[in-house]
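K.L.:
coordinates only, sequence not included:
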């Protein structure tokens with residue numbers, strides 16, 4: 001039953017059919033592959049505030065790095081696991097963390113070139129889907145069935161955090177698919193059944209924000225002045241202008257799932273969908289418009305550094321070349 005749920009969660013989470021293998025999970029180092037840049041990618045992050053290096057993670061423990069804004073990619077030298085990696089975050093240019101199936105948490109101290117294993121729980125069959133670090137010591141990871149882990153020592157130790165039950169429910173069992181932080185440091189988790197969770201104390205205490213939607217959210221972004229955006233299943237794109245107290249649905253122009261959302265400048269936002277669309281907003285998320293595009297594969301994530309350079313797009317066929325945007 002749990003393997004079926006893991007498979008469903010992984011498939012829904014960006015629709016790349018990267019199910020948990022039915023075999024007993026054994027952790028093996030990721031292999032060096034000839035065409036690593038074509039491996040399915042599920043998540044990406046900038047290594048440091050200067051946004052000079054992009055790091056992407058995905059299937060079979062493949063980690064890719066680019067130091068030229070996506071013009072070229074190389075595989076990380078060493079990754080101690082070959083399971084699917086679903087989330088990545090950096091606290092600065094050197095310190096980064098990645099999470100994924102088998103409950104793994106990986107740490108890099110050299111900007112993503114090499115990784116070490118900090119945590120694994122293959123016997124639980126309970127994947128982690130996203131990670132966020134406030135600084136090099138304090139981080140949060142989330143995953144299946146309301147799993148929330150906190151660290152206060154850079155990932156050397158992780159403590160499970162018990163969540164309150166959602167309104168009207170008896171227990172906390174929602175899958176938590178994404179993490180994003182607001183300008184004030186508030187942390188948000190994208191969840192099932194139309195909920196976002198938010199924490200103002202570094203992930204220790206959480207409360208629920210109901211959007212009125214009934215499906216799953218996979219991604220979100222926090223803009224200035226209390227504007228929140230959440231995207232998910234079947235083109236669902238919701239916006240709040242009052243820090244989550246009230247919500248309205250935004251026409252996304254697509255019926256396929258919103259897989260990624262990022263802030264762009266002060267009032268902009270970008271979203272990607274599973275049918276390969278790149279959507280842009282220049283009015284703080286009040287409206288989104290598809291960008292002119294060639295035929296693209298399914299998109300899973302994106303990175304943007306400012307309004308003047310093309311965003312980096314990540315798909316089930318790897319990072320997309322910049323000139324294909």
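P.N.:
Arrived safely. Since we're looking at a predicted model, the values are computed, not measured.

K.L.:
which residue is the nearest non-sequential neighbour of residue 126?
P.N.:
Distance criterion Cβ to Cβ, 6 or more residues apart in numbering; nearest residue to residue 126, sequence neighbours excluded, is residue 144 at 4.8 Å. Glycine gets a C-beta too; all of them are placed from N, C-alpha and C.

K.L.:
which phi and psi does that neighbour have?
P.N.:
phi -70, psi 140 (degrees, to the nearest 10).

K.L.:
report pLDDT for residue 277.
P.N.:
Note on residue 277: pLDDT of 93.

K.L.:
list the buried residues of stretch 159-172.
P.N.:
Buried residues in stretch 159-172, counted by 16 or more other Cβ atoms under 10 Å: 161, 163, 166, 172.

K.L.:
now stretch 176-192
P.N.:
The neighbour-count check on stretch 176-192 (16+ other Cβ under 10 Å) flags 176-182, 186-192 as buried.

K.L.:
number of nearby residues for residue 219?
P.N.:
Look at residue 219: counted by other Cβ atoms under 10 Å, it has 27 neighbours.

K.L.:
part of a helix, is it?
P.N.:
No: counting by DSSP: H, G, I helix; E, B strand; the rest coil, residue 219 is not part of a helix but strand.

K.L.:
does it touch residue 257 like I think?
P.N.:
No: applying Cβ atoms under 8 Å, one finds residue 219 not in contact with residue 257, separated by 9.4 Å.

K.L.:
shared neighbours, the two?
P.N.:
Applying Cβ atoms under 8 Å, 6 or more residues apart in numbering, one finds that residue 219 and residue 257 are jointly contacted by 231-232.

K.L.:
sorry, back to before: got TSV for the buried residues of stretch 159-172, with distance to residue 42 too?
P.N.:
TSV is the format used below for the buried residues of stretch 159-172 (distance: Cβ to Cβ, whole Å):
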residue	distance to residue 42
161	24
163	24
166	26
172	24
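
K.L.:
in JSON lines, list those residues along with pLDDT.
P.N.:
Output for the buried residues of stretch 159-172, formatted as JSON lines (pLDDT from 0 to 100):
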{"residue": "161", "pLDDT": "96"}
{"residue": "163", "pLDDT": "97"}
{"residue": "166", "pLDDT": "96"}
{"residue": "172", "pLDDT": "97"}
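
K.L.:
alright, calling it a day.
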